[in-house]
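Visitor: What shape does this take:
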Amino acid sequence: MGKYFGTDGFRGEANKTLTFEHAVKIGRFLGWYYGARLDKKAKVVIGKDTRRSSYMFEYALCTGLMASGADAYIMHVTTTPSVAYITRVDDFDCGIMISASHNPFYDNGIKLLNGYGEKMDEETILLVEEYIDGKIEVPVAGRHEIGRTVDYVAGRNRYVGFLISLSKYSFKGVKVGLDVANGAAWQIARGVYEALGAKVYVMNDQPDGYNINTDCGSTHIEHLQKFVVENKLDIGFAFDGDADRCLCVDEKGNVVTGDHTLYIYGLYMKERGKLLNNKVVTTVMSNFGLYKALDKVGIEYEKTKVGDKYVYENMVKTGNRIGGEQSGHTIFLKYETTGDGILTSLKLMEVMLAKGKPMSELAAPVVFYPQVLKNVRVKSKPDAQNDPDVQAAVKRVADELGDTGRILVRESGTEPVIRVMVEAGTNEICEKYVDSVIEVIKAKGHLA
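Guide: Model prediction:
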């Protein structure tokens, strides 16, 4: 990670940590860099979520791009995976998504994608940071070289068509609930499901710039659980602010996590001879219950660091075809380069319809160990993580748990917090061990 960009872009409070000046400079550098490197006028596509500040950052990025001679194609409010898809299929030099994902409305972020729709490489990111810090000079375009903006809502429409084309089944007669989190999926998800014939029930689809992720979406799944049960729906899906993740609720109101998705679709692929290498890719945050379920059906797995970036890197390197995180980022490598919440929901629908079974039955083999995860806001993540006393406390917990559970302490890639997680036989045991480590972090003066 660099000075400004973490594992999921440059993220922070709008006009405090991430300012419009930063956005102008990012646009300035990218417009010049891709134009100079390719010896042509650069083409950059931009999408945004529904935050009030997203409009400011969109205009700032466009200003910087045009001043450096690039043309900026604006997809308007759309999802992160749609920008990745259009960047790749429409031959853009790079893509930019303005979103802070599941964070509150006052935060925002700038995610950079290369021409293949993948997260931009570290080398280019570091050059962007050097320009932000004034270490690189970039010329201003003049006369006929000045860029322009292009309305590119057609790109969003093409992405919707792509999603619809992937479904092998009609959804006619299926009652589907969608919690679109007042975010980027608020128009797209409904359109896809209605086009496929589902009876659609949508909640949290009135974005006002301030209510994205507010007590809704995949980070507040309890509302969709109640919604599905009260309306007697067959299934429900909840997305986050930029719709690159999806959690599911079965017909009984139970949560179906990203781990469940890996099991359900991984087994479906195996049964059809489509699971190359007979492996799914997980992160260290996946639950013990997932691994036990995979063992029973003879599916192997790999573990990466937390972050869909690392899952994707593993998949590209190994050829594994499905991977993801418990939080709902799931990558289907055959179709896309990033997690896509709407695509994930369509794939779960496919399995349910192909097998003629309710989602509760499909998810039942994955029995989770109780898990407690707490975030600790700290002054310095490395200092807290590497403190000898904190490490000793973590080792003590690991030794006491033995093979009955596990502890994981890691730094967040997007926030100034340390995440402390324990899985064990009961919630009480988990709470006890998590709190014991947090007390040491607190006693050593690391709390922010």
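Visitor: Number of residues surrounding the nearest residue to residue 20 once chain neighbours are set aside?
Guide: Sequence neighbours aside, residue 60 is the residue nearest to residue 20 in space, at 4.3 Å (criterion: Cβ to Cβ, 6 or more residues apart in numbering). Every residue, glycine included, has its C-beta placed from N, CA and C. Residue 60 has 21 neighbours, counted by other Cβ atoms under 10 Å.
Visitor: Residue 354 is in contact with residue 169, isn't it?
Guide: Yes - Residue 354 lies in contact with residue 169 (Cβ atoms under 8 Å); the separation is 7.3 Å.
Visitor: Report the separation between residue 357 and residue 85.
Guide: For residue 357, the distance to residue 85 (Cβ to Cβ, to the nearest Å) stands at 30 Å.
Visitor: so what's the residue nearest to residue 20 scoring on pLDDT?
Guide: We have a pLDDT of 98 for residue 60.
Visitor: In three-state terms, how would it be classified?
Guide: helix (DSSP: H, G, I helix; E, B strand; the rest coil).
Visitor: for it, what are its contacts?
Guide: 20-21, 23-24, 27 (Cβ atoms under 8 Å, 6 or more residues apart in numbering).
Visitor: out of everything not next to it in sequence, what's closest to residue 446?
Guide: Nearest residue to residue 446 in three dimensions, chain neighbours excluded: residue 384, at 4.0 Å (Cβ to Cβ, 6+ apart).
Visitor: Give the burial count for that neighbour, as a bare number.
Guide: Neighbours of residue 384 (other Cβ under 10 Å): 23.
Visitor: next one: residue 161
Guide: 11.
Visitor: In which helix or strand does it reside?
Guide: helix 153-166 (DSSP states H and E).
Visitor: How about residues contacting that helix?
Guide: Against helix 153-166 from outside (Cβ under 8 Å, 6+ apart): 45, 47, 73, 75-76, 78-79, 81-82, 85-86, 89-90, 188, 191-192, 195-196, 335, 342-343, 346.
Visitor: at 6 Å instead, please
Guide: Residues external to helix 153-166 that are found in contact with it (Cβ atoms under 6 Å, 6 or more residues apart in numbering): 75-76, 78, 82, 85-86, 188, 191-192, 195, 342.
Visitor: Just put these in TSV and tack on neighbour count, secondary structure and pLDDT.
Guide: Output for the contacts of helix 153-166, formatted as TSV (neighbours: other Cβ atoms under 10 Å; DSSP: H, G, I helix; E, B strand; the rest coil; pLDDT from 0 to 100):
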residue	neighbour count	secondary structure	pLDDT
75	25	strand	98
76	16	strand	98
78	30	coil	98
82	32	helix	98
85	25	helix	98
86	26	helix	98
188	24	helix	97
191	16	helix	97
192	26	helix	98
195	14	helix	98
342	27	helix	98
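Visitor: which residues does residue 288 contact?
Guide: 369, 423.
Visitor: Where does pLDDT dip in the stretch 1-150 of the chain?
Guide: For the stretch 1-150 of the chain, residues meeting the criterion pLDDT under 70 lie at 1.
Visitor: I'd like the distance from the helix ranked longest in the chain to the chain centre, please.
Guide: Of all segments of type helix in the chain, defined using DSSP state H, the longest is helix 20-38. Relative to its chain's centre, helix 20-38 lies at 25 Å (Cα atoms, centre = their mean, to the nearest Å).
Visitor: Just the buried residues of it, please?
Guide: By 16 or more other Cβ atoms under 10 Å, the buried positions in helix 20-38 come out as 20, 22-35.
Visitor: Does that helix pack against any helices or strands, and if so which?
Guide: helix 52-67, helix 122-132 (3 or more Cβ pairs under 6 Å, 6 or more residues apart in numbering; DSSP states H and E).
Visitor: tell me the angle that helix makes with helix 52-67.
Guide: Interaxial angle of helix 20-38 relative to helix 52-67 (axes from the mean of the first three to the mean of the last three Cα atoms, to 10 degrees): 40 degrees.
Visitor: Quickly run through the sheet partners of the following helix or strand past helix 20-38, with directions.
Guide: Tracing the chain past helix 20-38, the next element assigned as helix or strand by DSSP H and E is strand 43-48. Within its sheet, and counting by DSSP bridges, strand 43-48 is paired with strand 71-77 (parallel), strand 94-98 (parallel).
Visitor: For the longest one, give me every contacting residue.
Guide: Meaning strand 71-77. 43-47, 50, 62, 65, 147-150, 152-153, 155-156.
Visitor: Only the buried subset of the residues you listed, as a PyMOL command please.
Guide: A single PyMOL command selects the buried members of these (16+ other Cβ under 10 Å):
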select buried, resi 43+44+45+46+47+50+62+65+147+149+152+155+156
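Visitor: In terms of distance to residue 205, which of the contacts of strand 71-77 ranks first?
Guide: residue 50 (10.4 Å; Cβ to Cβ).
Visitor: my guess is residue 131 contacts residue 29, does it?
Guide: Yes - using Cβ atoms under 6 Å, residue 131 is in contact with residue 29, at 4.2 Å.
Visitor: Show me the domain layout of the protein.
Guide: Annotated domains of the chain cover 5-153, 167-363, 371-443 [automatic domain parsing].
Visitor: Reformat those as a markdown table; add distance to residue 160.
Guide: Listed next are the domains of the chain as a markdown table, based on distance: least, Cβ to Cβ, whole Å:
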| stretch | distance to residue 160 |
| --- | --- |
| domain 5-153 | 8 |
| domain 167-363 | 6 |
| domain 371-443 | 28 |
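Visitor: Pairing-wise in the sheet, spell out the partners of residue 407.
Guide: residue 422.
Visitor: Give me the number of neighbouring residues for it.
Guide: 23.
Visitor: quick one: it and residue 397 touch, right?
Guide: Yes - look at residue 407 against residue 397 with Cβ under 6 Å: they come within range, at 4.6 Å.
Visitor: any idea how far residue 222 is from residue 73?
Guide: Residue 73 is 39 Å from residue 222, by Cβ to Cβ.
Visitor: Kindly report the same for residue 33.
Guide: Residue 33 is 45 Å from residue 222, by Cβ to Cβ.
Visitor: about what we covered before: check the residue nearest to residue 446 and give its pLDDT.
Guide: 95.
Visitor: Run through the residues that contact it.
Guide: So residue 384 contacts 378, 418, 441, 446 (Cβ under 6 Å, 6+ apart).
Visitor: So which of those wins on neighbours?
Guide: residue 418 (25 neighbours).
Visitor: shouldn't that one be in contact with residue 375?
Guide: No - counting by Cβ under 6 Å, residue 418 sits too far from residue 375 to count as a contact (7.4 Å).
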